[in-house]
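Q: Requesting a structural model of the entry that follows:
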Amino acid sequence: MLNYKINKTNGLARAAVIDTPHGRFETPAFMAVGTVGAVKSVAPWELKKLGASVVLGNTYHLMLRPGEKVVMSHGGLHGFMRWDGPILTDSGGYQVFSLGERLAESGRIKGDMKPARITDNGVTFYSHLDGQKHFLDAARSIRIQQDLGADMIMAFDECPPGNAPRIDVVRAVRRTHVWLKESIKAWTNREKQALIGIVQGATYKALREQSAKFVNGCDLPCNAIGGVAVGESRAKIWRAVEWSVPHLDASKPRYLMGVGEPADIIEAVKRGCDMFDCVLPTRLARHGVVWAGASSGIKVNKKAALPDGKIFAYGNINLMLSRYREDLNPIDKSCGCPTCSAGFSRSYLRHLLSENEVLGLRLTTLHNLWFIYRLMNRIRESIR
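A: Just a heads-up that it's a prediction; the model follows:
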């Protein structure tokens, strides 16, 4: 159900291919996040043209609405969202711990919303949609993901905040390991779905190493590093990766969860990671922020050395700034994305976004996704 073949290495960086029941994708790979069964504002055929080969769905959101049984009636998530390539679903763990109560605190949900209650048996939580009470444990998470029909499914885990006290992280690591065993027990569709275990441990070296050894010892098709980019500094993210990678089988793909800043992806690849997901490209785009290189004329204040030593430099353009009100230039004249190649000006994009016109967020989203997929191509070339 998951075949990983390394074609070339450059230090710890690997250029490889992964075969799944719904096709092959090259790594290092970025997985666009289709939270509710769609990458926001982008059609499946557009994703393919942009360079996407694998996407991610969210168990928490899909179980609440429309429900996994509705998705099953479409033949699974592939039929539901009309995507014929590989799909990965997360376990829902991160969302049940944080989403509902955070929205309640912001006032977006009224009523008796309580924080999620975590025990060794699972998590009692309250829907961010209507405040209704739900319960999710490892077995149910796996059953839902199997019903959704993804090619790759995630074990249920507990992801503590980046600044959590050590005693809380110790408890989270222990629960994550217990829930991993329960996830494996509930995993019955082994011929068509690859289960992925998740390393936790926050910013504590001994806990990261302990968790990586435990997860690796379960001998699953793929290993993931979780609990990063949740409030800690970038330096601490890299330490967490460096502590985990040596204990994860080099013959299997390594998935770094929740990392999507271009420079961060490059650094993670050089540390031995193969798969990435993040809402950052689409979320930035919806707020009028787009990535661009030096050819755009902006100051490139972010950079990282690719595996071949060449520097990848870029910066952010905040199109909502007043300086772009009359700017007739595209985002980047040298960019081949649908937005730039069609000649849409920064001025026009700013106007659309200011008017909350859906075309504006579509055009900026197409650009950012094109940017990230071109980066992944460049990374793979630099390894080769």
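
Q: And the residue nearest the centre of the chain?
A: residue 277 (2.1 Å; CA atoms, centre = their mean).

Q: Just confirm that one contacts residue 229, I think it does.
A: No - using CB atoms under 8 Å as the test, residue 277 is too far from residue 229 to be in contact (10.7 Å). Every C-beta, even on glycine, is put in place using the N, C-alpha and C of the backbone.

Q: what touches both of those two?
A: Common contacts of residue 277 and residue 229, defined by CB atoms under 8 Å, 6 or more residues apart in numbering, comprise residue 258.

Q: re the thing from before, part of a strand, is the residue nearest to the centre of the chain?
A: Yes - according to DSSP: H, G, I helix; E, B strand; the rest coil, residue 277 belongs to a strand.

Q: for the stretch 1-150 of the chain, what spans make up the strands?
A: For the stretch 1-150 of the chain, strands defined by DSSP state E, counting those that start in this stretch occupy the ranges 3-10, 13-20, 23-27, 29-34, 55-57, 87-89, 117-119, 122-126, 133-136.

Q: who wins for proximity to residue 345 among the ones you listed?
A: strand 29-34 (25.8 Å; CB to CB).

Q: how many degrees apart are the closest one and strand 13-20 in direction?
A: Here strand 29-34 points in a direction 50 degrees away from that of strand 13-20 (axes from the mean of the first three to the mean of the last three CA atoms, to 10 degrees).

Q: Just list what strand 29-34 packs against, helices and strands only.
A: strand 55-57, strand 275-278, helix 280-286, helix 358-383 (3 or more CB pairs under 8 Å, 6 or more residues apart in numbering; DSSP states H and E).

Q: Point out the most buried one among these.
A: Neighbour counts (mean count of other CB atoms under 10 Å) averaged over each of those peak at strand 55-57, with a mean of 25.

Q: Contacts made by that one with the rest, please.
A: 31-35, 37, 39, 47, 77, 81, 83, 85-90, 148, 150, 277.

Q: How about stretch 61-77?
A: In contact with stretch 61-77 (CB under 8 Å, 6+ apart) are residues 35-37, 57, 80, 83, 87, 89, 92, 95, 127, 129, 134, 136, 144, 147-150.

Q: Drop anything exposed from those residues.
A: Neighbour-count burial (16 or more other CB atoms under 10 Å) applied to the contacts of stretch 61-77 gives 35, 37, 57, 80, 83, 87, 89, 92, 95, 127, 134, 136, 144, 147-150.

Q: So this protein: which segments form each domain?
A: 3-278, 287-383 (automatic domain parsing).

Q: gap between the two ends of the longest one?
A: Across its full length, domain 3-278 reaches 24 Å end to end, with CA to CA, to the nearest Å as the criterion.
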